[in-house]
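Visitor: 3D model of this:
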Amino acid sequence: MIIRDGHIRRLETEHAAGFAEHVRVSLAEAYPHVLPCFPVESQATIVDNLLERGRYKWNLSDERALLGYAELMLSIAPNFDEQFEIDLVLSNAGLDCDHALLHLHEAVPQRSWIEAEENSQDLPLFVPPRQSLSGQEQTTAALQVIFREIPSLTEASKLAAFGHQTAERFGWQDIADAALTVASWRALYGDEFMDPAANPWSADLFIPGSAPRTAVEMVKFRIALDHERFV
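Guide: Alright, predicted model coming up:
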């Protein structure tokens, strides 16, 4: 019996697809406020991004490590591994990154996890890690995952441009996913998205002295509360 390279690649692809589906189902059950907010097609895209980030950024290959990595992205922060101490442990693990990931909680102090959560940003859920995209291109790609109902790339790109322009006008430009949040806010609430008469809570976003990150998180919370959507 001759096993050709093409057959091996097909088996590997089929196994990878089966594993990704297992991860999707497991994480949807464990974190019902995230994946179940999206249609199954979008859930699959998000899970592919989680697993691919672990493989691409840290060369993870063990399925337990990949599942653990994906779970940390949902339970702590999608960019949890950008926190200094966490990044340091994984960067110094070399070829043993799978083991380091599985024992990360033992190696990293609690304050580091708190810091990672406080600096959470959601773009890694929606954007493939191997793609080198500008900020507006990342927002456009993310919108197409979050809103399958957006009819075209052109429409998503226009909404992304609006998100970036408005986030800058609000002084939120230093928050990585602020533009995505603003674009989602506009998509869900329409032309009156900032009208206090229609959305009284919007008046609380710009209280003098309030931090931009607090305002962005408030918008995300209202979107989740009003529309059961995760952005």
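
Visitor: right, and the helix or strand after the helix or strand harbouring Gln136?
Guide: Element membership for Gln136 (DSSP states H and E) is helix 135-146. Past helix 135-146, further along toward the C-terminus, the next helix or strand under DSSP H and E is helix 153-170.

Visitor: show me the contacts for Val47.
Guide: Residues in contact with Val47 (Cβ atoms under 8 Å, 6 or more residues apart in numbering) are Ala20, Val23, Arg24, Leu27, Leu35, Ala70. Where you see a C-beta, it was placed from the backbone N, CA and C, and this is true even at glycine.

Visitor: from those, pick the one nearest Glu168.
Guide: Distances from Glu168 to the contacts of Val47, taken as Cβ to Cβ, are shortest for Leu35 (30.8 Å).

Visitor: Leu27 is in contact with that closest one, correct?
Guide: Yes - using Cβ atoms under 8 Å, Leu35 is in contact with Leu27, at 5.6 Å.

Visitor: show the pLDDT at Val231.
Guide: On pLDDT, Val231 comes in at 86.

Visitor: mind checking how far the residue nearest to it when sequence neighbours are not counted is from Val47?
Guide: Leaving aside its chain neighbours, Val231 sits nearest to Ser184 (4.1 Å; criterion: Cβ to Cβ, 6 or more residues apart in numbering). Counting by Cβ to Cβ, to the nearest Å, the separation of Ser184 from Val47 is 20 Å.

Visitor: same question, Arg169
Guide: 35 Å.

Visitor: go on, Val219?
Guide: Val219 sits 25 Å away from Val47, taking Cβ to Cβ as the criterion.

Visitor: Three-state assignment for Pro208, please.
Guide: coil (DSSP: H, G, I helix; E, B strand; the rest coil).

Visitor: neighbours around it, how many?
Guide: Close neighbours of Pro208, defined as other Cβ atoms under 10 Å, add up to 4.

Visitor: please apply the same query to Val108.
Guide: By the criterion of other Cβ under 10 Å, Val108 has 20 neighbours.

Visitor: wait, what's in contact with it?
Guide: When contacts are counted by Cβ under 8 Å, 6+ apart, Val108 is found next to Glu85, Ile86, Val89.

Visitor: pretty sure Leu104 is one of the things the second one touches, is it not?
Guide: Yes - at 6.8 Å, Ile86 counts as touching Leu104 under the criterion of Cβ under 8 Å.
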